[in-house]
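**Q** Fold the following and give me the result.
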Amino acid sequence: MTSPLWHPFTQHGLGEPIPKVVRAQGALLHLADGRTLIDGISSWWVTTHGHCDPRIAAAIGAQAQTLDQLIFAAYTHDPAEEVAQGLIDLAPRADGRDPLSHVFYSDSGSTAVEVALKMALGYWHNRALDGLSTPRHRILVLEHGYHGDTIGTMSMGERGVYNAAWTPLLFDVTTIAFPHAGQEPKTLAALEAACTAPEKPAAFIVEPLILGAGGMLMYSPAVLREMAAICARHDVLFIADEVMTGWGRTGTLFACEQAGVVPDIMAVAKGITGGSIALAATLATARIFDAHLSTDRARLFYHSSSYTANAIACAAAAANIAIWREEDVLGRIAALSQGLAQRLGVLARHPAFANPRQHGTVVAIDLIASDAGYLSDLAPQLRAFFLDRGILLRPLGNTIYLLPPYCLDSDQLDQIFEALAQAGDFFAGSA
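**A** Have a look, this model is predicted:
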C-alpha cells in the first residue's frame, strides 16, 4: 500500500527507504526495527540540548493543561511575555548601537525571515508616507544564501533547481559576492557600491558567519562586522538571519556577538524551543517598531498566523531560555567544539577529503568528487552509507557536515568520525 505521506525534500519515485522513528532521547533516535541512530544534524538543525529534554518536556505538559492556544491579536499571555523579555535580554548588544527591543512571533524560520523582510519594507514605506525618505524596495542578499521556502524568502535566496518552478513569482534582488578567503575586499567593495547606488536599497540580509544550505560556507567575524558597518554608514537596514546560527551553533549564543554586531532586525527559530516544538521570532529595534506606530489603523503591521505566540510553544521556549541562564550550556558547547576540532584535524589528512572548516559546533568537509554540487548522486549514497552505520547525516551534495546536539558524548563522536573515515575510503574512487 502506498503511504499517503508526502515528505519534504524527498523524491518518492526513487523508492528509497524511509525509517520510522518511535522515540528519541539525548543524541539518539530509536527506530521501529530496533536500530539506534546518532543524530548528527540535530534533526535538521533544531535540537540543541538533546531530544526530549526533561525540563522542556515538563514545561510543555504543564502548559498544555493550563492554556494551549490564544488569539494573539490584541490578547496576550504570560509565556509570550516571558520569552519576549528573555530574547531581548539575550540578544546581541554593542556600545553605540540601538538594542533589539521588540519581538514579533511566528512559527518557522521561513516566516520569521519573511516577517523581517516585511518589517524592513514597511519601515521605508511608512517613512516615505511621512516625507522622511524616498521609497525603498530593493533588497541586497549574499551569494549562495538560503532563507526559507516562502515566496519572499526564496526570492532572497540562491536560485536553482529547488525553486525553479516558482521563478515567475520571485522578485529581483541585488546579489553580493560571497566573501571567499582572499576575496573579502571584493565583497565589501560590491556592498559599498550597492549601498550607494542611485536606487537606494532598503536592507541587506545575511546568514552571519555560516551559510547553511548553501554548502556550510563560512566567513570571518571581521567581514560580518565590516558588512554591518557599511550598511550603518549608508542607512541600509541590516537583517541577520540567525535561524540556524543562533542558540550556540557558532560557539556563542548568537553569531552576531562574535562581530560585535547588533542588527536592525534579527530572525530566530529552530533552537528557540530547544528543538522540541515549532516557534519563531523576529526581533527589531525601536526605530523599526516606531515606524509602524500610529493612531492610524491603516499603518499597523499586517502580518499574522493563527498560531502566533502559541502558549505551549512559548512555554517550551521559556524553559529553553531558563536552561541557557541556569546551566553551563556554553561550557558544553566549548567542549563539543574542541572534540569536533580534534577529530576534524585528523580526518582532514585523509586524501579523499578537502576544505575542512568549523565554526563552533558546526563542522564541514568536502568529499573530493567529480560529481559535486547539491544534486550530486553522492548525497543519497552517503545518506544510506551513514544510515547503515547507525548515524543520521544528510550531506549537501558532496559536502558532509555535522551539526550535532550539545549532549553528544566522546564515544558518539568517535563513532561518527570513524564512519566519516570509512566513507572516505569507500567513495575515494568517485573522484
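**Q** Quick check: closest non-adjacent residue to S304.
**A** A73 (6.3 Å; CB to CB, 6 or more residues apart in numbering). Using the backbone N, CA and C atoms, a C-beta is placed for each residue, glycine as well.
**Q** Show me the shaky parts of this protein.
**A** Within the chain, the set of residues satisfying pLDDT under 70 comprises 1, 429-431.
**Q** hey, where'd the helices end up in it?
**A** 42-45, 54-64, 78-90, 109-129, 151-156, 184-195, 221-233, 286-291, 311-326, 329-347, 378-388, 410-427 (DSSP state H).
**Q** Give me the contact list for the first one.
**A** Contacts of helix 42-45 with the rest of the structure, by CB atoms under 8 Å, 6 or more residues apart in numbering, involve 24, 29, 48, 51, 212, 244, 249, 270-271, 275, 392, 394, 403-405.
**Q** can you put the helices of the chain in JSON lines and add distance to I205 and mean neighbour count?
**A** Compiled in JSON lines, those are given as follows (distance: least, CB to CB, whole Å; neighbours: other CB atoms under 10 Å):
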{"stretch": "helix 42-45", "distance to I205": "18", "mean neighbour count": "20"}
{"stretch": "helix 54-64", "distance to I205": "30", "mean neighbour count": "16"}
{"stretch": "helix 78-90", "distance to I205": "19", "mean neighbour count": "18"}
{"stretch": "helix 109-129", "distance to I205": "7", "mean neighbour count": "23"}
{"stretch": "helix 151-156", "distance to I205": "6", "mean neighbour count": "22"}
{"stretch": "helix 184-195", "distance to I205": "12", "mean neighbour count": "17"}
{"stretch": "helix 221-233", "distance to I205": "10", "mean neighbour count": "19"}
{"stretch": "helix 286-291", "distance to I205": "14", "mean neighbour count": "17"}
{"stretch": "helix 311-326", "distance to I205": "23", "mean neighbour count": "22"}
{"stretch": "helix 329-347", "distance to I205": "26", "mean neighbour count": "16"}
{"stretch": "helix 378-388", "distance to I205": "27", "mean neighbour count": "17"}
{"stretch": "helix 410-427", "distance to I205": "32", "mean neighbour count": "17"}
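**Q** do you know how far L217 is from V223?
**A** 12 Å (CB to CB, to the nearest Å).
**Q** F254 touches L87, doesn't it?
**A** No. Counting by CB atoms under 8 Å, F254 stays clear of L87, with 10.3 Å between them.
**Q** doesn't G26 make contact with I38?
**A** No. Using CB under 8 Å, I38 is not in contact with G26; the gap is 9.7 Å.
**Q** For those two, indicate the residue with more neighbours.
**A** Using other CB atoms under 10 Å, the more surrounded residue of I38 and G26 is I38, with 24 against 18.
**Q** Can you name the residues that contact that one?
**A** Going by CB under 8 Å, 6+ apart, I38 touches A27, L28, L29, G390, I391, L392, P404, L408, Q412, Q415, I416.
**Q** and which of those residues is nearest V113?
**A** Top of the list for closeness to V113, among these and by CB to CB, is P404 at 24.3 Å.
**Q** Which residues are in contact with that closest one?
**A** Listed by CB under 8 Å, 6+ apart, the contact partners of P404 are A27, I38, D39, G40, I41, S42, L336, T361, I416.
**Q** now swap in S108 and tell me
**A** Neighbour list for S108: G148, A269, A278, A280 [criterion: CB under 8 Å, 6+ apart].
**Q** so the second one touches A112, yeah?
**A** So that's A269. Yes. If you go by CB under 8 Å, A269 and A112 touch, sitting 5.1 Å apart.
**Q** what touches both of those two?
**A** With CB under 8 Å, 6+ apart, A269 and A112 have common neighbours V243, A280, A281.
**Q** is the last one in a bridge, and if so with what?
**A** Listed beta-bridge partners, A281: Y105, V268 (assigned using DSSP bridges).
**Q** My guess is it contacts V103. True?
**A** Yes. The criterion here is CB under 8 Å, and A281 meets it with V103 at 5.3 Å.
**Q** Need the overlap of contacts for those two.
**A** Residues touching both A281 and V103 (CB under 8 Å, 6+ apart): V83, A84, L87.
**Q** For the second one, give its distance to R383.
**A** Right, the one you point to is A84. For A84, the distance to R383 (CB to CB) stands at 39 Å.
**Q** Can you name the residues that contact S376?
**A** If you count contacts by CB under 8 Å, 6+ apart, then S376 has A369, G397, N398 around it.
**Q** so can I have CSV of the residues you listed showing neighbour count?
**A** Formatted as CSV, the contacts of S376 follow (neighbours: other CB atoms under 10 Å):
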residue, neighbour count
A369, 19
G397, 19
N398, 26
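**Q** residues touching the residue nearest the centre of the chain, list them.
**A** The centroid of the chain falls nearest to M244 when counting by CA atoms, centre = their mean (1.9 Å). Residues counted as contacts of M244 (CB under 8 Å, 6+ apart) are W45, G109, E207, I210, G212, K270.
**Q** ditto for P135
**A** Residues in contact with P135 (CB under 8 Å, 6+ apart) are W124, H125, A128.
**Q** Was I right to think T252 contacts V261?
**A** No. T252 is beyond contact range of V261, at 11.5 Å (criterion: CB under 8 Å).
**Q** Those two - which one has more neighbours?
**A** V261 (26 against 20).
**Q** I'd say E16 and P380 touch.
**A** Yes. Between E16 and P380 there is a contact under CB under 8 Å: 6.5 Å.
**Q** before we move on, back to that, out of the contacts of M244, what pair is the most spread apart?
**A** G109 and I210 (14.1 Å).
**Q** Okay, domains of this protein per the record?
**A** As assigned by automatic domain parsing, the chain contains the domains 12-50+332-430, 67-326.
**Q** circling back: which one among the contacts of S376 gets closest to T134?
**A** Set against T134, the nearest of these by CB to CB is G397 (42.4 Å).
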